[in-house]
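Novice: Could you work out the structure for the sequence below:
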Amino acid sequence: MSFPEDSPGRFSAPSRTRRGPGLRLRLTMLATALVAAVGALLLWLGWLLVGDVVAAVPRMPEGTTVRLDGAVVSADEVGAALRNHARSQILSVGAVAFVSVVLAAAVLSWSVCGRVLRPLNEVTGTARRLTARSLGSRIELDGPRDEVAELADTFDGMLDRLQTAFESQHRFVANASHELRTPLSVIRTELDVTLSDPRADAAELRRMAEVVREATAKSERLVESLLLLARTEGTELPDRERVDLTEIAGNALSSIATEVTAAELRVTTGCAPAVAMGDSALLERVAGNLLENSVRHNVHGGWVEVDTGVSGRWAFLTVSSSGNRVDAERVENLFEPFRRAGAERTSRTGAGLGLSVVRAAAAAHGGHVRAEPIAGGGLTVTVWVPAAGE
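Specialist: Below is the predicted model:
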């Protein structure tokens, strides 16, 4: 996997400049504006209420005068002066309280928004620090399980899937490169040796052509398996149809009849009706891979057993065969690309992707697969896929 020299190992994305105030400032401005609006409304209501209270004081008879500070004034003028003075006091004291409350709301909103949005900043910082070689960073947010914590947990889960995918891709590409290099090296060596020999005759050229054809066929099988695995791994089938696993298993057995005869294998079938819902091409590849593995990794004069049936809502295909002893702790590794029972990348036939394709195809059907070692040597592999309803 290669990256630009100016940013080794980093994800490249178009740079976008943030426009306008940030989320923290916008939330602070919104909260402050709401407090200011409520405060202004309360101040206005207080101003009206004080005026009404003063106006509700019992009035003296019309024309009555009173003496204030040595001056004689009308009682109506005294009432109006008291109302205006009370309203003025409300405005002056209320204005100070209004400004204080608005400033306090702004400071408090800024502080609270900062604490609430801190996990988002951690998510952003973690995302900026990520590279293809440092996907192990996690937020691991502590505290109350609110929406922000759920976002952080979702981000951590996404990083787990990305890390798994990158590690799998890196391992897969490395192994695929190794597998492809071998047949290509064989082809090049055969061509160079034959072309450098001026005395090469037709027999030598024919021998070279057969070696090249075999290496080319191996490369073709590997590429086909890679494409099939890429198409099925991590996906679900868009369309499904009724597929008879018994018929598919019989066809797969017929296609390897020559190899079975050459290895003098004893084949036993106990195929019960088993109709599944899925993709016929993928299920044919599943049966083909299982039976090909059972023959190619068997011992001369060994045995193969094939069984199909329905159990509950699952249709199953089971292939058991004799062979080399397989350690129980290594069974799960057989489903990794380019792993084979007993050795890695050492078989002269096959691409080492058989069980990887089987597991990916079963997962695409919503099913599963399990392998179990057989005492004395050999392996049993069972694939479950959804059975077709009546």
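Novice: any chance you could map the helices in the stretch 201-350 of the chain?
Specialist: Ranges of helices within the stretch 201-350 of the chain are 202-232, 245-255, 257-262, 280-296, based on DSSP state H, counting those that start in this stretch.
Novice: Determine which stretch of the ones you listed is the most buried.
Specialist: Comparing the helices of the stretch 201-350 of the chain by mean neighbour count (mean count of other C-beta atoms under 10 Å), helix 280-296 ranks first with a mean of 22. C-beta here means a position set from N, CA and C on the backbone, and glycine is covered the same way.
Novice: same for that helix, what does it pack against?
Specialist: Using 3 or more C-beta pairs under 8 Å, 6 or more residues apart in numbering; DSSP states H and E as the contact criterion, the secondary-structure elements in contact with helix 280-296 are helix 202-232, strand 241-244, helix 245-255, helix 257-262, strand 303-311, strand 314-321, helix 354-364, strand 379-386.
Novice: chain center to the third one, what's the gap?
Specialist: This points to helix 245-255. 35 Å (C-alpha atoms, centre = their mean, to the nearest Å).
Novice: And the average pLDDT for it is what?
Specialist: Regarding helix 245-255, the rounded mean pLDDT is 89.
Novice: Likewise for the longest one?
Specialist: The pLDDT scores in helix 202-232 average 76.
Novice: cool, the fifth one as well?
Specialist: Mean pLDDT, taken over the full extent of strand 303-311, equals 93.
Novice: Would you mark the buried spots in that strand?
Specialist: In terms of neighbour count (16 or more other C-beta atoms under 10 Å), strand 303-311 has its buried residues at 303-310.
Novice: Among those residues, which one lies nearest to residue 185?
Specialist: Using C-beta to C-beta, residue 304 is the member of the buried residues of strand 303-311 that sits closest to residue 185, with 33.6 Å.
Novice: neighbouring contacts of stretch 88-108?
Specialist: Contacts of stretch 88-108 from elsewhere in the structure, counted by C-beta atoms under 8 Å, 6 or more residues apart in numbering, are 28, 31-32, 35-36, 39-40, 43, 46-47, 50.
Novice: If we use 10 Å, what do you get?
Specialist: Among residues not part of stretch 88-108, those counted as contacts by C-beta atoms under 10 Å, 6 or more residues apart in numbering are 28-29, 31-40, 42-44, 46-51.
Novice: if we compare the helices and strands packed on helix 280-296, which one ends up closest to residue 166?
Specialist: Sorting those by C-beta to C-beta, the top spot, which is the nearest, belongs to helix 202-232 at 15.4 Å.
Novice: coming back round to it: let me have the helices of the stretch 201-350 of the chain in TSV, adding distance to residue 98 as columns.
Specialist: Formatted as TSV, the helices of the stretch 201-350 of the chain follow (distance: least, C-beta to C-beta, whole Å):
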stretch	distance to residue 98
helix 202-232	66
helix 245-255	79
helix 257-262	92
helix 280-296	72
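Novice: quick one on the thing from earlier: out of the buried residues of strand 303-311, the closest to residue 367 would be?
Specialist: Using C-beta to C-beta, the shortest approach to residue 367 within the buried residues of strand 303-311 belongs to residue 310, at 12.8 Å.
Novice: Touching, that closest one and residue 274? I think so.
Specialist: Yes: with contact defined as C-beta atoms under 10 Å, residue 310 reaches residue 274; the gap is 5.4 Å.
Novice: Can you work out which residues contact both of these two?
Specialist: A shared contact of residue 310 and residue 274, defined by C-beta under 10 Å, 6+ apart, is any residue touching both; here these are 245, 316, 387-388.
Novice: Now flag whichever of these is closest to residue 137.
Specialist: The shortest gap between residue 137 and any of the shared contacts of residue 310 and residue 274 belongs to residue 316, at 42.0 Å (C-beta to C-beta).
Novice: gap between residue 27 and residue 34?
Specialist: For residue 27, the distance to residue 34 equals 11 Å [C-beta to C-beta, to the nearest Å].
Novice: Pull up the overlap in contacts between these two.
Specialist: residue 109.
Novice: Tell me which of the two has more neighbours.
Specialist: residue 27 (18 against 12; other C-beta atoms under 10 Å).
Novice: Domain-wise, how is this structure divided?
Specialist: According to the domain assignment given by automatic domain parsing, the chain is divided into the following structural domains: 23-129, 157-232, 241-386.
Novice: deepest of those domains, which one?
Specialist: Ranked by mean neighbour count, the domains of the chain are led by domain 241-386 with a mean of 18 (mean count of other C-beta under 10 Å).
Novice: How far does it stretch from one end to the other?
Specialist: Using C-alpha to C-alpha, to the nearest Å, the end-to-end distance of domain 241-386 comes out at 11 Å.
Novice: returning to what we had before: out of the helices of the stretch 201-350 of the chain, flag the one nearest residue 362.
Specialist: Each of the helices of the stretch 201-350 of the chain was scored for nearness to residue 362 using C-beta to C-beta, and the closest is helix 280-296 (7.0 Å).
Novice: how far does the closest one sit from the chain's center?
Specialist: On the basis of C-alpha atoms, centre = their mean, the separation between the geometric centre of helix 280-296 and that of its chain is 29 Å.
Novice: Next one: residue 381 from residue 250, what distance?
Specialist: 18 Å.
Novice: residue contacts, the residue lying closest to residue 302 once chain neighbours are set aside?
Specialist: Residue nearest to residue 302 in three dimensions, not counting chain neighbours: residue 322, with 3.6 Å by C-beta to C-beta, 6 or more residues apart in numbering. With contact set as C-beta under 10 Å, 6+ apart, residue 322 has these partners: 265-266, 294, 297-299, 301-305, 374, 376-379.
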